[in-house]
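Asker: dropping the sequence and predicted coords here.
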Amino acid sequence: MYVTWDESLSVGVAELDSDHKKLLAILDDFSTACYAGQGSQDLHDILARLIENAKHHFDKEEALMDRHGYPMLAEHKKEHQKLIEQMERLERSLCAEAVGAASFPLSVSNDTMKFLNNWLTDHIKADDLGYKPHLNSLGVR
Ligand SMILES: [Fe+2]
Ligand SMILES: [Fe+2]
């Protein structure tokens, strides 16, 4: 396990916590696939799955914040947008690298691995935990 969820990341809303766990598990799949030297197609598939699940989660989270009048919604939405753009950029750069290289070795740098490992947890700590007291005080669990 390269990326794990622990209680310190809990936003106190069960469904959102379970989304976060799922996203972290996909990120972990990606790390595992990289270190196992799996083919570039596998890496693209995992990234596509990550982006799809992240979009779905962000929409759900935004709808919940909106429904409960969270005052930082606009800023939070911008952060989500940025996260998706980062991931789509990474996907494109991996695709570009993969041209002509039918399978591994596809170089995924240590910096990229580090970026991926922190991609979601940094957002949870910096932004998602921000809505926790607001939603929890309204009884959203
Ligand atoms: Fe978020
Ligand atoms: Fe989130």
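Answerer: Okay, I see it. Residues are numbered from 1 along each chain as shown. Ligands and ions are numbered 1, 2, ... in the order given.
Asker: so the nearest residue to L50 once chain neighbours are set aside, which of the three states?
Answerer: Spatially, and ignoring its direct neighbours in sequence, L50 is nearest to I26 (4.7 Å; Cβ to Cβ, 6 or more residues apart in numbering). (Glycine included, C-beta is placed from N, CA and C.) Following DSSP: H, G, I helix; E, B strand; the rest coil, the label given to I26 is helix.
Asker: hmm, I26 is touching I46, no?
Answerer: Yes - the pair formed by I26 and I46 meets the contact definition of Cβ atoms under 8 Å, at 6.4 Å.
Asker: burial of the closest residue to ligand 2 within the chain, as a residue count?
Answerer: Taking Cβ to the ion, ligand 2 has its nearest neighbour within the chain at D128, 4.4 Å off. Number of residues near D128 (other Cβ atoms under 10 Å) recorded here: 22.
Asker: same thing with Y70?
Answerer: 18.
Asker: which parts of this protein are helices?
Answerer: Using DSSP state H, the helices found in the chain span residues 14-35, 40-67, 73-98, 110-123, 129-137.
Asker: mind listing what S93 touches?
Answerer: Residues near S93 by Cβ atoms under 8 Å, 6 or more residues apart in numbering: none.
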